[in-house]
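Peer 1: sequence below, structure please.
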Amino acid sequence: MKKNLLLLLILLISFTMFSQDENESKTKLTNFLSKSYYSINLGGVFYPFSNDNLIDGYQTETFSRNWFSGRLLLGHKLTDDLALQFGTMRPASWFKYDNVNNIGYDRSVWINAWSLSLKKDFKLHKNTSFYAEAGIANLTRFGFLIDDKEIYEDAHYGSLLYGFGLQHRLNNKWRLSLNGTFLPKSTKHNQPSISQVSLGFEYHLQQLDAKKAQEFASNEHFFPTNILQVSYGTSAIGFGVNRFFGMSLKVGSFESFGIPVFWVGQVKAKHAFSVTYQRLIFRTEKIFSLDWGASVTAFQSELTNENVFAFSIFPVLRFYLLRKKDFDFYTNYSIIGPTFLTKSDIDGLETGPKITYQDTMGFGVFFGKERKYNFELRIMHYSNGNIFTGNDGVAVPLQFTLGKTF
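Peer 2: Here you go, the predicted structure:
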């Protein structure tokens, strides 16, 4: 029931954001988007895990802690000083119990919190404000086993979330912020409190006036209205790209080399074939566009050759990095695309429910006369975002993509 309600909420938000009058210029935001913003915050997270969280007879003298963490939020302004926010908070890497019982067992504890909250601003000065935040969080913790014995149990429960901070308004679009976010201790679920202190920014979308929107719409920069793509990937080339962008690539003495902007997954796809359709919703003058998309992906798992189909809808953020006479080079990013998988618990691993989410990341070019053709390199991931405890996830290797614009 919970997962169906969550999917319905995301579908409703998606269709509200993506619906737009066909006669309206793609350079003008929908009413929903014109009151929306996103926020990226990086800082330290503190959760006092200890031996007290483990069952009797198990302990360690040392722990590995990575304090670096992030929080990503999507916000919608209900009024000028009141907003509804949806987002996620997690550490860059997991807390680890080192050498449990001095017999060589290292075990990690994974933790993730998705939140829905209200944020209220209180103006202190012309461009400086104090804010208070309160809401609920879906907290998921993955404990660990040793020799099939549960040493620290999994947990999945609803928690209060509250926070406060300072914001400085640079202009109509940008705000800098100093944030404190807190989740209280839960004795019932054997979970210590979570505190995050971070620095970040908010970017508020701005509606263009009619004249400026028309100027942008009639300029020479190419933005495809529709794209149809076919993609193929194979595990024969490995998962190095996935691991690099998931900050889990082993290079020399580095165990976690890379950039933490994507995910990998315990289940590995041996072969993957995708058909994707994307349609333009919104574009700026030159650099950014927002599309909605739908895809069907068929993949075969690497361990047991299970055949699985994935049916997805998703948003696509596309950033044009280089525009030249013969081509346009871009990167794109898509997260939380509602997906139905025809199988769950693939390869004997707990991948979670069939209702899950698709994430993609890629680099590509539009080329040819009038930019009719497209080539893209793309990685994909399926998981439920740690919303549920069963979340080993699926990693799709680098896909080679050919597309046609129209």
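Peer 1: which parts of the stretch 1-150 of the chain are helices?
Peer 2: Ranges of helices in the stretch 1-150 of the chain, per DSSP state H, counting those that start in this stretch, are 2-18.
Peer 1: quick one: low-confidence ranges for it?
Peer 2: For the stretch 1-150 of the chain, applying pLDDT under 70 flags the ranges 1-25.
Peer 1: then the stretch 201-350 of the chain?
Peer 2: Short version for the stretch 201-350 of the chain, where the test is pLDDT under 70: 213.
Peer 1: go again with 90.
Peer 2: 205-221, 246-263, 265, 281-286, 290, 335-336, 344-345, 348-350 (pLDDT under 90).
Peer 1: tell me the contacts of residue 90?
Peer 2: 69-70, 111-113, 386 (CB atoms under 8 Å, 6 or more residues apart in numbering). All C-beta spots, glycine's among them, are computed from the backbone N, C-alpha and C.
Peer 1: separation between it and residue 66?
Peer 2: The span separating residue 90 from residue 66 equals 11 Å under the rule CB to CB, to the nearest Å.
Peer 1: give me the number of residues near residue 203?
Peer 2: Neighbours of residue 203 under the rule other CB atoms under 10 Å: 14.
Peer 1: so residue 165 bridges to which residues?
Peer 2: residue 131, residue 179 (DSSP bridges).
Peer 1: so what's it scoring on pLDDT?
Peer 2: For residue 165, the pLDDT comes out at 97.
Peer 1: that one - how many residues pack around it?
Peer 2: Using other CB under 10 Å, residue 165 has 20 neighbouring residues.
Peer 1: for the contacts of residue 90, which one is nearest residue 156?
Peer 2: For the contacts of residue 90, the residue nearest residue 156 by CB to CB is residue 386; the value is 9.2 Å.
Peer 1: count the neighbours of residue 278 for me.
Peer 2: Other residues lying near residue 278 total 26 when counted by other CB under 10 Å.
Peer 1: picking that back up, make TSV from the contacts of residue 90 and add neighbour count and distance to residue 298 to it.
Peer 2: Output for these, formatted as TSV (neighbours: other CB atoms under 10 Å; distance: CB to CB, whole Å):
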residue	neighbour count	distance to residue 298
69	22	36
70	20	33
111	24	33
112	19	29
113	23	33
386	23	26
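Peer 1: turn those into TSV, columns for distance to residue 321.
Peer 2: Formatted as TSV, the contacts of residue 90 follow (distance: CB to CB, whole Å):
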residue	distance to residue 321
69	28
70	23
111	34
112	30
113	32
386	31
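Peer 1: in strands only, show me those residues.
Peer 2: Among the contacts of residue 90, the members falling in strands (DSSP state E) are 69-70, 111-113.
Peer 1: strands of the stretch 251-400 of the chain, residue ranges please.
Peer 2: Applying DSSP state E, counting those that start in this stretch to the stretch 251-400 of the chain gives strands spanning 254-257, 267-283, 288-301, 307-323, 327-341, 355-367, 373-383, 394-405.
Peer 1: which of the ones in strands among the contacts of residue 90 sit farthest apart?
Peer 2: The two members of those with the most space between them (CB to CB) are 70 and 111, at 13.2 Å.
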